[in-house]
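Q: For reference, the sequence and a predicted model appear below.
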Amino acid sequence: MQNIEKTNLLYRLLYRTASLYFHLFYRKVTVLGRENIPENVPLIFAANHQNALMDALAILFAARRPVVFLARADIFKNPRIAGLLYFLKILPVFRIRDGIESMGNNNLIFTKTVKVLQSGLPIGILPEGTHTHIKRLQTLKKGICRIAFMAAESTDYALDINIVPVGLDYTNYQNAGTHLIVNFGKPMSVAAYYSQYRENPQKAITQLRDDLAGRIRAVMIHVEDEQHHDMLQSLNAMIMRSWLQEHSLKDTRINRFRSSMAVLEQLENGLKTNALDPESTAADLKAYQELLRKYRIRDEQVETESKPLSLLLSWVAWVLVLPIHVSGMILNWLPYRIPVLLSAKIKDPQFVSSVNYGLSLFVYLFWYLILLIIALLLPFSTAVTLPLIIASPFAGLFAFYNYLFYKKLLARSRQYLLKRFKPEQFRKLTALRKSLTARIVTVLNIR
């Protein structure tokens with residue numbers, strides 16, 4: 001802990017390895033607003049918290065620099081784990097639930113954070129203090145504000161501390177192979193609150209916390225109406241393609257992310273003004289989703305029906321690449337399967353991808369090392385075996401994404417068969433969707 005602001009060769013090596021694997025773990029990582037990160041100033045990153053360790057890693061690798069994070073103290077109880085966490089540049093923060101007597105330890109931690117900020121290293125904090133699966137910013141804890149003001153006070157307010165709000169958004173926070181967006185907002189200068197803090201510390205802390213919450217909400221997808229969160233998210237996804245067409249926007253992940261902020265806000269206003277009836281909408285949505293589950297298809301397949309020729313060509317293409325898929329699956333099945341089986345036992349869903357990522361990183365490194373040793377020991381030319389070893393991770397990635405393509409292809413096929421052989425059920429499905437989208441169109445004023 002004493003040298004946490006310093007980086008050594010081992011840390012830099014692990015950083016680059018973990019960063020590379022992080023960008024392989026997700027299908028794509030899109031970073032927005034990196035130009036908002038100021039240089040040569042004491043810096044604190046403050047992000048929404050949805051996905052356990054992955055949120056911290058998202059900030060770390062998107063910032064492209066070492067970051068010292070603060071985490072709850074109970075995970076530091078084991079000395080060996082604590083040593084590992086310090087090496088990873090994570091400091092403990094003690095809470096009341098850790099025991100009143102332990103709260104005094106925070107003075108040492110806060111003193112250390114001041115030294116970290118003075119050294120030029122940023123600090124990363126997830127100020128909600130807890131993670132949640134819903135896309136809604138929880139009430140921020142005041143610790144981040146206290147740390148900022150204590151750091152300033154210890155230097156007689158000479159430090160111009162900046163807080164950068166960060167919005168994190170996963171297409172699916174539990175699964176690998178999804179799309180992650182890291183959205184950096186405009187920095188907040190804590191110096192603007194120094195005079196207020198001198199006069200009334202508690203009022204300044206509360207004001208900074210509330211202002212910071214507003215800044216974080218502005219760079220993330222935030223559903224204020226927690227009661228109707230799931231319904232609003234589903235309606236947002238159903239109407240998104242029409243919304244993009246209405247505003248002449250390409251159907252990209254970034255445009256969907258930015259447009260969702262506006263769509264959800266208008267839908268929430270529709271609920272408040274009774275332009276959108278929550279009870280009947282929820283009932284119809286439930287009936288629609290039950291039919292989707294019954295026939296094992298997705299909303300996107302109902303929205304855009306599959307044409308027979310396109311479906312046939314997709315199956316032909318899938319069959320043609322099947323040898324590559326099978327070889328990639330065989331070469332990578334064991335290192336893929338072990339983390340999946342272990343992470344499936346995790347009770348907290350928000351930790352699944354973190355455990356999967358951490359375990360698979362080391363399992364894959366160990367696995368490919370074994371394959372390399374075997375290849376060197378086999379009585380074959382290294383000109384043959386080494387290219388096979390080098391190609392195996394790429395074949396594994398191909399097999400993984402080809403499997404995801406296969407699942408979508410099956411859903412498209414089920415949709416076509418439903419329409420072809422059970423037209424009445426398909427018409428019922430489309431009628432429910434049209435009824436729902438008609439209500440949304442009215443609220444959003446889409447032509």
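A: Great, that's in hand.

Q: show me where the stretch 1-150 of the chain has helices.
A: 9-25, 52-63, 79-87, 105-119, 143-154 (DSSP state H, counting those that start in this stretch).

Q: among these, which is the most enclosed?
A: helix 52-63 (a mean of 23; mean count of other CB atoms under 10 Å). Placement of C-beta: from N, CA and C, glycine included.

Q: Just the pLDDT at the spatially closest residue to A148 that is not a sequence neighbour, thanks.
A: Nearest residue to A148, sequence neighbours excluded (CB to CB, 6 or more residues apart in numbering): V190, at 4.7 Å. Predicted confidence (pLDDT) for V190: 96.

Q: gap between Y194 and I144?
A: Distance check for Y194 against I144: by CB to CB, to the nearest Å, it reads 16 Å.

Q: for the residue nearest to the spatial centre of the chain, what are its contacts?
A: In the chain, the centroid-proximal residue (CA atoms, centre = their mean) is Y170; its distance is 3.8 Å. Taking CB atoms under 8 Å, 6 or more residues apart in numbering as the criterion, Y170 is in contact with 50-51, 178-180.

Q: who does it bridge with?
A: Judged by DSSP bridges, the bridge partners of Y170 are L180.

Q: any weak-confidence spans in the stretch 51-200 of the chain?
A: By pLDDT under 70, the weakly predicted segments of the stretch 51-200 of the chain are 95-104.

Q: Would you reformat the contacts of Y170 as a markdown table and include neighbour count and distance to F69?
A: Below are these laid out as a markdown table (neighbours: other CB atoms under 10 Å; distance: CB to CB, whole Å):
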| residue | neighbour count | distance to F69 |
| --- | --- | --- |
| Q50 | 22 | 16 |
| N51 | 24 | 14 |
| T178 | 16 | 23 |
| H179 | 17 | 24 |
| L180 | 26 | 18 |
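
Q: Excluding chain neighbours, what is closest to A176?
A: F25 (5.1 Å).

Q: Now do the contacts for the residue lying closest to I239 once chain neighbours are set aside.
A: Nearest residue to I239 in three dimensions, chain neighbours excluded: I440, at 4.5 Å (CB to CB, 6+ apart). With contacts defined as CB under 8 Å, 6+ apart, the neighbours of I440 are 235, 238-239, 267, 276, 446.

Q: Please produce a PyMOL select command covering the buried subset of the residues you listed.
A: Selection of buried members from those for PyMOL, criterion 16 or more other CB atoms under 10 Å:
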select buried, resi 235+238+239+267+276
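
Q: And the contacts of I440, which is closest to R215?
A: L267 (22.7 Å; CB to CB).

Q: Find the nearest non-adjacent residue to the closest one, please.
A: In space, L267 is closest to L232, 5.3 Å off (CB to CB, 6+ apart).

Q: same check, this time on V164
A: In space, V164 is closest to P187, 4.9 Å off (CB to CB, 6+ apart).

Q: Please look at that neighbour and D160 and confirm they touch.
A: No - using CB atoms under 8 Å as the test, P187 is too far from D160 to be in contact (10.3 Å).

Q: that older thread, wait, the residue nearest to L267 sits on E268?
A: Yes - the criterion here is CB under 8 Å, and L232 meets it with E268 at 6.7 Å.

Q: helix, strand or coil for the residue located most distally from the centre of the chain?
A: Farthest-out residue of the chain from its mean C-alpha position, per CA atoms, centre = their mean: P379, at 45.8 Å. Assigned state for P379: coil (three-state reduction, DSSP: H, G, I helix; E, B strand; the rest coil).

Q: re the thing from before, let me know the pLDDT of the residue nearest to I239.
A: Reported pLDDT for I440: 94.

Q: Next one: it from S280, what distance?
A: From I440 to S280 the distance is 13 Å (CB to CB).

Q: And for L159?
A: Taken as CB to CB, the span from L159 to S280 is 55 Å.

Q: The two: which is more packed in?
A: L159 (20 against 11; other CB atoms under 10 Å).

Q: Quick check: that one touching L117?
A: Yes - using CB under 8 Å, L159 is in contact with L117, at 6.6 Å.
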